[in-house]
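Chemist: I would like to see how this sequence folds:
(one chain, ligands or ions: 1)
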Amino acid sequence: MASFSCRRALLVLEVLFVTFLSVSGFLPETGRLAGDDIIEVNRSQREFDYFALSFQWPGTYCRGTRHCCSKNACCRGSNAPTHFTIHGLWPDYNDGSWPSCCYRSDFNEKEISTLMDGLEKYWPSLSCGSPSSCHGGKGSFWGHEWEKHGKCTSPVFHDEYNYFLTTLNIYLKHNVTPVIFSSTIDVGCPFGYVASNSDKYPLGGIVTAIQNAFHINPEVVCKKGAIDEIRICFYRDFKPRDCVGSKDVTSKKSCPKYVSLPEYTPLDGEAMVLKMPSDRDVL
Ligand code: U2P
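Modeler: Numbering: from 1, shown residues only. I've put the predicted structure just below:
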């Protein structure tokens, strides 16, 4: 009898606690950044298994630039990035899925203000748009990455500052840009890989260069035959490991056997001025 009423009391406490968490927004959530702002609450969301660091190739992304604004790094004219930039550091599960939007708390850009130079250079937004935040609003690219992915990296990270700082350091330590552009593996010409709008390179050569440098299999994502992203994966202690989607990377559906690394030609000055809406216009 005593243990029964004890269990009942515990149950009541548990219900009260869950209600408190749910009202205060502390429960983990999974799901997508839905346009309709519906967030699916999933109480069983578990700790992630590994990290994927996603590098994006601005030459491919910036080809889609139609108008400019100050926050878009594609719009920096001759200073537009010519290196792979960071898309994000994502927590992943070994089954190929990933947690997202784990806890409710607002992104505070002030916490990473001392990292701005590094973020602007290596982790800039390549778009004028404002991505959705997890809880229905719109925000910055960094806010999106922190809310959707960074907050699901517990127990490794608990705050924005360490998440962004560590990501910058891991990116610099495993930088694919010099690995690819100083490689001549399978390239078919003595000059190695060069950003170009006409040349195509064997995907296998790019993958081999990364395998040789970091001793892991990367994941490669293409868009219209061009390298869009290269992902390198890490155990939770940041030792490199294969990405789950990296098996037999040359047969990956998104990339052909020969891929391009487009060179981005910035919009010319006049077109940029004519098409330059304020940041507010593009929200
Ligand atoms: O690949 C398309 C988008 O899915 C999200 N993604 C992909 C792989 C992964 O391991 N984790 C992950 O979250 C990314 O969404 P975003 O951060 O851009 O919102 C990726 O762009």
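Chemist: For the residue positioned nearest the centre of the chain, name its beta-bridge partners.
Modeler: Centroid-nearest residue in the chain, with CA atoms, centre = their mean: Gly88, separated by 2.3 Å. Gly88 forms beta bridges with Ser54, as assigned by DSSP bridges.
Chemist: got a list of what it touches?
Modeler: Counting by CB atoms under 8 Å, 6 or more residues apart in numbering, Gly88 makes contact with 53-54, 145, 149, 167. The C-beta positions use only the backbone N, C-alpha and C, and glycine is treated the same way.
Chemist: and what of Tyr171?
Modeler: 53, 55, 86, 122-123.
Chemist: in this structure, which spans are helices?
Modeler: In the chain, helices defined by DSSP state H lie at 2-24, 58-61, 116-122, 141-148, 160-173, 176-181, 203-214, 269-275, listed in chain order.
Chemist: Contact residues of this structure facing the ligand?
Modeler: Within reach of the ligand by CB under 6 Å from any ligand atom, the chain has these residues: 52, 88, 90, 92, 98, 148-149.
Chemist: In strands only, show me the residues you listed.
Modeler: Those of those mapping onto strands are 52, 88, 90, 92, per DSSP state E.
Chemist: Who wins on neighbours among those residues?
Modeler: The most crowded member of these, judged by other CB atoms under 10 Å, is Ala52 (24 neighbours).
Chemist: starting at the chain centroid, how far to stretch 167-175?
Modeler: 13 Å (CA atoms, centre = their mean, to the nearest Å).
Chemist: mean confidence score for it?
Modeler: Stretch 167-175 carries an average pLDDT of 98.
Chemist: Check stretch 145-159 too.
Modeler: Mean predicted lDDT for stretch 145-159 stands at 95.
Chemist: same thing with stretch 106-125?
Modeler: Across stretch 106-125, the per-residue pLDDT values average to 97.
Chemist: is it true that His135 touches Arg104?
Modeler: Yes: look at His135 against Arg104 with CB atoms under 8 Å: they come within range, at 6.2 Å.
Chemist: what sits against the residue nearest to Thr60 when sequence neighbours are not counted?
Modeler: Leaving out its chain neighbours, the residue that sits closest to Thr60 by CB to CB, 6 or more residues apart in numbering is Ala226, at 4.4 Å. Contacts for Ala226 (CB under 8 Å, 6+ apart) come out as 57, 59-60, 63, 259-262.
Chemist: how does it look with 10 Å?
Modeler: Residues in contact with Ala226 (CB atoms under 10 Å, 6 or more residues apart in numbering) are 57, 59-61, 63, 197, 200, 255-256, 259-262.
Chemist: Buried members of those into ChimeraX, please.
Modeler: A single ChimeraX command is used to select the members of the contacts of Ala226 judged buried by 16 or more other CB atoms under 10 Å:
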select :57,59,60,61,63,255,259,260,261,262
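Chemist: In CSV: the contacts of Ala226, plus pLDDT.
Modeler: Formatted as CSV, the contacts of Ala226 follow (pLDDT from 0 to 100):
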residue, pLDDT
Trp57, 98
Gly59, 97
Thr60, 97
Tyr61, 96
Arg63, 93
Asn197, 94
Lys200, 95
Cys255, 95
Pro256, 95
Val259, 97
Ser260, 96
Leu261, 97
Pro262, 97
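Chemist: Tell me the one among the contacts of Ala226 nearest to Cys74.
Modeler: Tyr61 (7.1 Å; CB to CB).
Chemist: Among the residues of the chain next to the ligand, pick out the one closest to Ile230, please.
Modeler: Ala52 (10.5 Å).
Chemist: these two touch, right, that closest one and Trp90?
Modeler: Yes: the criterion here is CB atoms under 10 Å, and Ala52 meets it with Trp90 at 4.7 Å.
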